[in-house]
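Undergrad: have a look at this fold, sequence not included:
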Ligand code: ADP
Ligand code: MG
């Protein structure tokens with residue numbers, strides 16, 4: 001009798017070699033196999049009459065082989081096997097490419113079930129490389145629902161069925177249920193064992209739906225419990241008390257009057273830092289909503305209470321930019337700002353590190369390097385992290401565990417609906433900047449096709465002639481994609497078309513120092529046009545740049561395009577944004593049009609979610625949460641909402657889940673396992 005924690009190599013049909021290959025799918029034990037859910041199902045229970053095949057799709061057909069299969073060599077390396085099958089309603093062609101064996105098992109005059117995609121119409125209608133099996137003897141159910149598992153080289157569907165078969169045998173129908181009975185009843189969820197069997201070996205598609213719903217609820221519930229516990233645990237920690245929260249001098253030092261939203265966020269922070277508990281707050285706001293001064297306010301609070309503050313930016317150039325804009329404000333308050341960057345000379349660095357260690361440096365601005373071991377703070381009281389997606393849950397935890405328990409503020413420019421934010425950042429308090437500072441002229445936005453190419457090139461030239469600068473953004477070209485131009489190629493072509501303009505190129509494979517140099521030179525107007533992959537997405541401010549052109553814009557998410565657009569419209573000049581891709585079909589045009597119509601990041605995020613489907617919305621693992629096997633935070637929002645409410649309710653009575661040991665262990669396991677790969 002196999003046990004769940006046994007290696008898969010002992011499963012029937014699997015040996016050490018296959019087991020090694022299965023590791024690529026993160027399957028080591030039978031338990032791992034159990035948690036590798038099918039990505040799809042083929043419903044072979046539904047048999048279609050040949051006459052009823054009316055469009056190109058996958059079908060299951062029951063037919064008699066009408067002609068002996070014939071083999072033809074089409075060219076070297078390409079063999080084609082053809083035959084026909086018929087039922088009482090019509091005839092269908094069957095072809096196999098380079099698969100003599102599949103066809104060799106078919107006997108003329110015998111009846112089989114065929115499952116595969118049908119291509120073509122009328123007499124040319126052909127089922128291509130179908131799976132086939134003899135029709136079962138009368139009495140047996142015909143066909144079945146076949147799970148389709150994720151695969152890797154050397155691992156077949158058959159192998160996946162073998163490992164899951166052994167795993168299900170190990171469970172033997174007895175899979176303890178971590179969900180409280182009460183919730184199962186309330187939400188009408190099938191129990192854990194049944195769900196597990198149905199997910200891997202469903203009898204009907206309805207089984208699949210019910211099993212999935214239950215599994216999704218369970219996963220989301222575990223996630224919410226874990227996040228809620230993280231939050232509660234931190235609430236119990238003792239925080240630094242910033243007794244002096246008088247920010248009137250700070251407000252007076254600002255070159256503008258803050259928006260209502262900024263004031264609100266700053267007030268929320270001030271309440272956090274006098275609460276006696278460590279602050280863990282997210283400030284979320286669209287590009288240009290003015291997150292920097294909210295962070296500055298926290299730095300000031302720290303300094304005027306005798307603590308140091310660390311302000312982390314994702315890149316050196318951004319750090320330099322923050323330092324430049326914050327210095328005049330802090331100077332008025334008599335607070336010192338120190339910039340720590342990797343490009344300093346050794347002597348400069350030594351001096352700066354000494355100032356940080358002595359406490360003379362009150363506000364320190366720099367990159368991630370700021371929180372590394374070598375940097376010793378005298379008394380770190382607050383940490384600001386710009387662009388939260390680069391700063392996941394574990395990093396925040398590591399930071400808090402540094403012993404200082406500093407107040408933490410993270411800033412994110414990905415606008416997502418509030419309900420979603422509450423969940424995704426379940427362990428944080430959230431402030432939202434939903435107001436734009438006054439006096440912005442909206443960016444004029446156009447969605448165009450290739451027929452506009454020359455006009456746009458002339459338009460770029462004209463804007464430069466008027467004193468502006470332009471960004472041209474190209475999608476990342478994957479290996480083997482020949483229909484797209486790389487940023488490098490684009491730069492060459494653009495330089496040819498506009499020989500009198502200075503074109504620079506920036507891409508992800510460059511070293512950070514080089515990227516920073518080019519970005520700096522662009523901001524110093526040494527170039528007119530910057531062609532890049534999306535490395536410029538992160539908030540660099542070049543107020544003189546007033547034109548953004550995005551190539552193959554249909555390849556990007558709407559929210560991402562909106563972020564890109566946020567790079568322009570920062571100066572006094574009228575700014576423009578041009579998206580190529582409006583000629584790539586109706587859907588692409590509609591999506592791009594959304595951006596022409598609105599500049600509200602939240603509205604765009606909602607449209608993005610609706611149009612693109614949620615799987616892609618956040619990009620893979622951008623959110624820093626544990627990896628989910630089956631649930632999709634955005635798609636399953638309604639269930640997520642319930643899961644969150646129930647988790648809160650349960651934990652309010654039993655914060656350590658003492659009465660639910662199984663649930664407690666599963667939550668712990670989810671958060672432990674996510675350690676290496678889920679957090680970025
Ligand atoms: P974000 O980081 O949210 O994208 P920033 O903090 O960089 O936005 O602010 C964008 C620009 O708006 C900066 O030039 C900043 O000085 C300016 N700004 C911020 N708040 C205000 C305000 N209340 N009134 C006018 N300008 C503001
Ligand atoms: Mg910013």
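TA: Everything's here; your move. What you are looking at is a predicted structure, and each value in this text was computed from that prediction instead of being measured. Numbering: from 1, shown residues only. Ligands and ions are numbered 1, 2, ... in the order given.
Undergrad: after the worst-scoring helix or strand of the chain on mean pLDDT, next one along is what?
TA: Between all helices and strands in the chain, the lowest mean by mean pLDDT, DSSP states H and E belongs to helix 393-400, at a mean of 62. Next in sequence after helix 393-400, counting helices and strands by DSSP states H and E, comes strand 407-412.
Undergrad: list the contacts of the residue in the chain sticking out farthest from the centre.
TA: Within the chain, the residue lying farthest from the chain centre (C-alpha atoms, centre = their mean) is residue 109, at 52.5 Å. By C-beta atoms under 8 Å, 6 or more residues apart in numbering, residue 109 lies in contact with 64, 65. All C-beta spots, glycine's among them, are computed from the backbone N, C-alpha and C.
Undergrad: test my guess that residue 197 contacts residue 168.
TA: Yes - the criterion here is C-beta atoms under 8 Å, and residue 197 meets it with residue 168 at 6.5 Å.
Undergrad: surely residue 608 forms part of a helix?
TA: Yes - under DSSP: H, G, I helix; E, B strand; the rest coil, residue 608 falls within a helix.
Undergrad: tell me how far it lies from ligand 1.
TA: Residue 608 sits 19 Å away from ligand 1, taking C-beta to the nearest ligand atom, to the nearest Å as the criterion.
Undergrad: same thing with residue 284?
TA: Distance from residue 284 to ligand 1, by C-beta to the nearest ligand atom: 10 Å.
Undergrad: three-state assignment of that residue?
TA: Secondary structure, three-state DSSP: residue 284 is strand.
Undergrad: residue 265: what secondary structure?
TA: Applying three-state DSSP: residue 265 is helix.
Undergrad: residue 87: how many residues sit nearby?
TA: By other C-beta atoms under 10 Å, 17 other residues sit near residue 87.
Undergrad: not counting sequence-adjacent ones, nearest residue to it?
TA: Excluding the flanking residues, the one nearest residue 87 by C-beta to C-beta, 6 or more residues apart in numbering is residue 63, at 4.7 Å.
Undergrad: show me what from the stretch 351-500 of the chain comes close to ligand 1.
TA: Residues of the stretch 351-500 of the chain found near ligand 1 (C-beta under 6 Å from any ligand atom) are 413, 437.
Undergrad: rerun that using 5 Å as the cut-off
TA: Contact residues of the stretch 351-500 of the chain with respect to ligand 1, defined by C-beta under 5 Å from any ligand atom, are listed as residue 437.
Undergrad: ok so, going back, check what pLDDT the residue farthest from the centre of the chain gets.
TA: pLDDT recorded at residue 109 is 90.
Undergrad: from residue 48, how far off is it?
TA: Separation of residue 109 from residue 48 (C-beta to C-beta, to the nearest Å) stands at 22 Å.
Undergrad: which neighbours does the helix or strand the residue nearest to residue 87 falls within have in its sheet, and in what orientation?
TA: For residue 63, the host element (DSSP H and E) is strand 57-65. Using DSSP bridges, strand 57-65 pairs in its sheet with strand 78-87 (antiparallel), strand 111-119 (antiparallel).
Undergrad: and the next helix or strand after that strand, which strands flank it?
TA: Following strand 57-65 in sequence order, the next helix or strand is strand 70-75 (DSSP H and E). Next to strand 70-75 in the sheet, as set by DSSP bridges, lie strand 78-87 (antiparallel).
Undergrad: what about residue 565, how many neighbours?
TA: For residue 565, using other C-beta under 10 Å, the count is 24.
Undergrad: show me the contacts for the closest residue to residue 133 other than its chain neighbours.
TA: Distances taken as C-beta to C-beta, 6+ apart place residue 113 nearest to residue 133, at 5.4 Å, with adjacent residues excluded. By C-beta under 8 Å, 6+ apart, the contact set of residue 113 is 44, 47, 60, 61, 62, 132, 133, 134, 135, 142, 143.
Undergrad: and with 6 Å instead?
TA: By C-beta atoms under 6 Å, 6 or more residues apart in numbering, the contact list for residue 113 reads 62, 133, 135, 143.
Undergrad: drop anything exposed from those residues.
TA: Buried subset of the contacts of residue 113 (neighbour count, 16 or more other C-beta atoms under 10 Å): 62, 135, 143.
Undergrad: list just the nearest of the residues you listed to residue 181.
TA: Closest to residue 181 out of these is residue 143 (36.2 Å), distances taken as C-beta to C-beta.
Undergrad: surely the closest one and residue 43 touch.
TA: No - Residue 143 is beyond contact range of residue 43, at 8.3 Å (criterion: C-beta atoms under 6 Å).
Undergrad: so the helix ranked longest in the chain versus strand 407-412, what angle?
TA: Criterion DSSP state H: the longest helix present in the chain is helix 205-236. Relative orientation of helix 205-236 versus strand 407-412 (axes from the mean of the first three to the mean of the last three C-alpha atoms, to 10 degrees): 140 degrees.
Undergrad: following element in sequence after helix 205-236, please.
TA: By DSSP H and E, the next helix or strand past helix 205-236 is helix 248-253.
Undergrad: show residues contacting that next one.
TA: With contacts defined as C-beta under 6 Å, 6+ apart, helix 248-253 is touched by 300, 329, 332, 333.
Undergrad: which among those end up buried?
TA: Among these, those classed as buried by neighbour count (16+ other C-beta under 10 Å) are 300, 329.
Undergrad: export the contacts of helix 248-253 to CSV and append columns for pLDDT and distance to ligand 1.
TA: Formatted as CSV, those follow (pLDDT from 0 to 100; distance: C-beta to the nearest ligand atom, whole Å):
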residue, pLDDT, distance to ligand 1
300, 98, 15
329, 96, 10
332, 96, 15
333, 96, 17
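Undergrad: next, residue 531: phi, psi?
TA: Main-chain torsions, residue 531, degrees, to the nearest 10: phi -100, psi 130.
Undergrad: I'd guessed the residue nearest to residue 87 sits against residue 84; true?
TA: No - applying C-beta under 6 Å as the test, residue 63 and residue 84 come out as separate, 8.8 Å apart.
Undergrad: more neighbours, these two?
TA: More crowded of residue 63 and residue 84, by other C-beta under 10 Å: residue 63, with 26 against 15.
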